[in-house]
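Enquirer: my questions concern the predicted model and sequence given below.
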Amino acid sequence: MDFSLSSEERMIRDTVRQFIANEVMPLEPEVLKNERNGRPAISDDTLKRLQEKAKSLGFWGINTPKQYGGAELGWLMTALIYVELGRTYVPFMFGGSADNILYEGTKEQQERYLLPTIAGDRRSCFALTEPGAGSDAGNIRTSAVKEGKHWVINGEKIFITNGNEADFCMVLAVTDRSKGPHQGISCFLVDRDMGWRSTPIQTMGEWSPASLVFDNVRVPEENLLGEEGRGLALGMRWIGNARWAIAARAVGAAERLLEMAIQQANTRVTFGQPLADRQAIQWMIADSAVEIEATKWMTYRAAWMLDQGMDNRHMASMSKLYGADMANRVVDRVLQIHGGMGYTKDLPIERWYRDMRLFRIFDGTDEIQRYIIARNLLKGHVKVGQD
Amino acid sequence: MKILVTVKQVPDTATKIQIRADGQGIQEDGIKWVINPYDEFAIEEALRIKEKQGGEVVIVALGPSRVEEAVRQSLAMGADRAVVISTDAAVDPAAAATALAAVCGEEGFDLILTGKQAVDDDSAQVGPMIAANLGLPQVTVVLKLEVDEAGHRLRAERELEGATEIVELPYPAVVTAQRGLNEPRYPTLPNIMKAKKKEVRRVSMDSLSLALDPRVTVNRLFAPPERPEPTILSGEPEETAKELVRLLHSEAKVL
């Protein structure tokens, strides 16, 4: 067992940390101002400029296979990078990536959808969730009916990340209800100009997903992605194993917040003593540090398992459950340590506070993670005490 | 042209330094080590010269095994290879300069670049002493450097108090870098990956058989004294002014 990072891993991590600190964090005040005036956090131009600068350093398509021009870094390295990205609330992401199910497309589909997405010329969204189907994805009602050389799609999707900005969508629809969810749901590539519409959904955080409406949207048959009836398996492959990525972001955010709390505790004096001398504050700081550390190692392990070709879904669920809860506890304590100032919009803590709440909901709620973890143990898929 | 850059590994400037119980040095456990920031300017300048005119950039470093990390970072910035003089001993500036000069001399070079000083002991002696050891011209605290390959000369702008001095000199020479010379680059991902495969030649300090009697020995390191509690005078301005003068005269003895 070796818990140390290799010299490359450390250098890559430090370079990303430096890049975020020098190039991205200076945008934070502007992001707060923009969001509070109802504007996008950063403009497309700014994002593009940052992505180009990162690209000139080789940070482009960090998980994209080399044959598509990416850096093809491993998953542990990706987790380390996500921790660094999580340290800022500026919505920055390295360019050059595409949803992994796009790689399942035919050569022709790859040319029309995958390659332009990697290049940043097209934007995708993945539409599975419906008002009546979330983690219970088999319940989707959206349907696709074959009419000649077209599929006609009808239905409604909700909470679709990037749904407002995307110019095409990977949508899951029922193609044969009689065959059940595992044989009767298919995935389609649907351009926006084929007729689907999106409406932004306001949330308590700064994540603004979309609801999508498909009203007799006609899709050419060559836009079926993967095999007919096997859409759910395709979608599920995309979901389960990356839940640790949310935990990694939670670690980055919590570390940054804890740094703020430590600084506040050392500088704010009440009744002649710094807050740092108060046991109540010390305990909040200690508990936060312990929980961050615990999340970090579960997250690294989940990512490492994926690098080893192991089934990491159990560990990914555990890290996501614990990490999402951890981040919410930490941001709550850090806000408390800042007192009234923490509650104001002069500081970014309230923004983190609202944002972190989403972590317990998306990509499987806390309850879904517990259900998965318990089921694995109760059915014997995972044995207690087995490493 | 072939450029050697001598690099020192120093504690990160954000690190809180703790003095060892024996007062002979600092506690090294838990310290984050970095490339001396002034040496980063030297590396960057060397890479820029190489990019413009071709050639080779070789890192020369000295110290215990941890120095390897600073060397790999330098290689990740784009240097071609490195020589490390390995020693666990505490080395004074003269000994460091003697050893570095010996290895530089054996390597051969057109130019030696380094930082104007290291941010740990701030001695600012090693660069100039390497030049003296090798009998070379030197220019220190440089803010701008131009290389005239045809005329085999350097033109350097160096910082003086309130003025800039322009120096022309032939090379081979030693140039030490000041903040402002350039903006050091980030290591690129491909260079980080390549850094591991680049050649790092290790030379043990002992094998150089140099006379390294220290000219400087550390007697004791200690932290600056804590600032005493301030005295705050209150009362009528006329009274407090008199009291202040009295204190400055008879207590602080500055008047």
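Expert: Done, it's in.

Enquirer: where do the strands sit along the chain?
Expert: No chain specified, so I'll use chain A. A:124-127, A:143-147, A:150-160, A:168-174, A:185-191, A:197-200, A:210-220, A:224-225, A:269-270, A:273-274 (DSSP state E).

Enquirer: wait, I meant chain B there
Expert: Ranges of strands within chain B are B:2-7, B:9-11, B:33-35, B:56-63, B:81-86, B:111-115, B:138-148, B:153-160, B:163-170, B:174-177, B:200-204, based on DSSP E.

Enquirer: which of the ones you listed sits closest to chain A?
Expert: strand B:33-35 (9.2 Å; C-beta to the nearest C-beta). To be clear about C-beta, it is placed using only N, CA and C from the backbone, and glycine gets the same treatment.

Enquirer: what packs against the closest one?
Expert: strand B:9-11, helix B:67-77 (3 or more C-beta pairs under 8 Å, 6 or more residues apart in numbering or on different chains; DSSP states H and E).

Enquirer: for residue A:231, what are its contacts?
Expert: Applying C-beta atoms under 8 Å, 6 or more residues apart in numbering or on different chains to residue A:231 gives the contacts A:172-173, A:175, A:185-187, A:225.

Enquirer: can I get the residues you listed in a markdown table including neighbour count?
Expert: Converted to a markdown table, the contacts of residue A:231 look like this (neighbours: other C-beta atoms under 10 Å in any protein chain shown):
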| residue | neighbour count |
| --- | --- |
| A:172 | 27 |
| A:173 | 27 |
| A:175 | 22 |
| A:185 | 29 |
| A:186 | 23 |
| A:187 | 30 |
| A:225 | 22 |
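
Enquirer: could I get those as JSON lines with distance to chain B and pLDDT?
Expert: Compiled in JSON lines, the contacts of residue A:231 are given as follows (distance: C-beta to the nearest C-beta, whole Å; pLDDT from 0 to 100):
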{"residue": "A:172", "distance to chain B": "35", "pLDDT": "95"}
{"residue": "A:173", "distance to chain B": "39", "pLDDT": "96"}
{"residue": "A:175", "distance to chain B": "42", "pLDDT": "96"}
{"residue": "A:185", "distance to chain B": "39", "pLDDT": "95"}
{"residue": "A:186", "distance to chain B": "38", "pLDDT": "96"}
{"residue": "A:187", "distance to chain B": "32", "pLDDT": "96"}
{"residue": "A:225", "distance to chain B": "31", "pLDDT": "95"}
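
Enquirer: between the residues you listed, which is closest to residue A:7?
Expert: Nearest to residue A:7 among those: residue A:225, at 40.7 Å, using C-beta to C-beta.

Enquirer: and the longest helix that chain A contains, is it in reach of chain B?
Expert: Longest helix in chain A, counting residues (DSSP state H): helix A:279-307. No: against chain B, helix A:279-307 shows no contacts by C-beta under 8 Å from any C-beta of the partner chain, the least distance being 15.3 Å.

Enquirer: show me which residues of that helix are buried.
Expert: A:281, A:284-285, A:288, A:291-292, A:295-296, A:298-306 (16 or more other C-beta atoms under 10 Å in any protein chain shown).

Enquirer: can you pull the domain assignment for the chain?
Expert: The chain I'm using is chain A. A:7-97, A:124-229, A:233-378 (automatic domain parsing).

Enquirer: wrong chain, I was asking about chain B
Expert: When chain B is cut into domains by automatic domain parsing, you get B:2-208, B:225-255.

Enquirer: roughly how far is the last one from the heart of the chain?
Expert: Spelled out, it's domain B:225-255. How far domain B:225-255 lies from its chain's middle: 42 Å, per C-alpha atoms, centre = their mean, to the nearest Å.

Enquirer: and if you look at the first one?
Expert: Using C-alpha atoms, centre = their mean, we find the averaged C-alpha position of domain B:2-208 to lie 7 Å away from the chain's own average C-alpha position.

Enquirer: over to stretch A:40-50?
Expert: Taking C-alpha atoms, centre = their mean, the mean C-alpha location of stretch A:40-50 is offset from the chain mean by 19 Å.

Enquirer: OK, now which residue of chain B is nearest to chain A?
Expert: Taking C-beta to the nearest C-beta, chain A has its nearest neighbour within chain B at residue B:189, 3.0 Å off.

Enquirer: can you list the residues of the stretch 151-255 of chain B near chain A?
Expert: B:186-193, B:195-196.

Enquirer: of the residues you listed - the most surrounded one?
Expert: residue B:192 (25 neighbours; other C-beta atoms under 10 Å in any protein chain shown).
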